[in-house]
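Trainee: just a sequence and a predicted model for now, questions to come.
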Amino acid sequence: MDQSTIIYALIGIIAVLSGWVVWLEIRLGKLFRGKHAHSLEHVLIDMSKFMDELDATHKKIEARMEEMNTRVRRSVQGVETVRFNPFSDAGGNQSFATALLNEHGDGVVISSLYSRDSVSVYSKPVKTYESEFQLTREEREAITRAKV
């Protein structure tokens, strides 16, 4: 083997090694992207801090979601009004029964009876779509139609 062949072989090896170094620099640049870290240890420490912050944020979000779910379960979700005419001598469907219920069927039914001389308003608590007070046909219909 002559000397020129050895030189060409060494030049080839240097070219391959230079290409490999450039490739590693590109990969390390991607790894350290946006960081002013001097070592992989700094990057890992920063990532650990970021993960801790992310975990804390996740826990806050979960707690807030649970609070919101609790509030939604208690909020009025089913609303229905039934209009009716309780007296044949009074004109129109001026009387009504309105049910305001949450997803468990808890809430209230409000009724209004209209006559020529007066208006009476009644309120009855509702628990799981039932009331301890006697319900009129219109109040039961409003509760049934308000089911979520």
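Mentor: Structure's in. What do you need? Residues are numbered from 1 along each chain as shown.
Trainee: CA only for contacts and neighbour counts going forward, please
Mentor: Will do.
Trainee: what's the helix or strand for residue 113?
Mentor: Applying DSSP states H and E as the criterion places residue 113 in strand 107-114.
Trainee: distance between that strand and the chain's centre?
Mentor: Strand 107-114 has its C-alpha centroid displaced from the chain centroid by 33 Å (C-alpha atoms, centre = their mean, to the nearest Å).
Trainee: helix or strand right after that strand?
Mentor: Taking DSSP H and E, what comes next after strand 107-114 is strand 119-126.
Trainee: okay, the residue most central in space within the chain: pLDDT?
Mentor: Computing the C-alpha centroid of the chain and ranking residues by C-alpha atoms, centre = their mean puts residue 65 first, at 6.4 Å. At residue 65 the predicted local distance difference test score is 96.
Trainee: the one 10 residues further on too?
Mentor: Per-residue confidence (pLDDT) for residue 75: 91.
Trainee: quick one: the helix or strand containing the residue nearest to the centre of the chain to strand 107-114, angle?
Mentor: Using DSSP H and E, residue 65 maps to helix 40-74. Comparing the axes of helix 40-74 and strand 107-114 via axes from the mean of the first three to the mean of the last three C-alpha atoms, to 10 degrees yields an angle of 40 degrees.
Trainee: quick one: buried residues of helix 40-74?
Mentor: Across helix 40-74, burial judged by 16 or more other C-alpha atoms under 10 Å covers 43, 74.
Trainee: following it, which helix or strand comes up?
Mentor: Downstream of helix 40-74, the first helix or strand assigned by DSSP H and E is strand 78-84.
Trainee: counting by contacts, list what that next one packs against.
Mentor: Counting by 3 or more C-alpha pairs under 8 Å, 6 or more residues apart in numbering; DSSP states H and E, the packing neighbours recorded for strand 78-84 are strand 95-101, helix 137-145.
Trainee: looking at the ones you listed, which is nearest to residue 108?
Mentor: In this view, the helices and strands packed on strand 78-84 are compared for proximity to residue 108 by C-alpha to C-alpha, and strand 95-101 is the closest at 5.4 Å.
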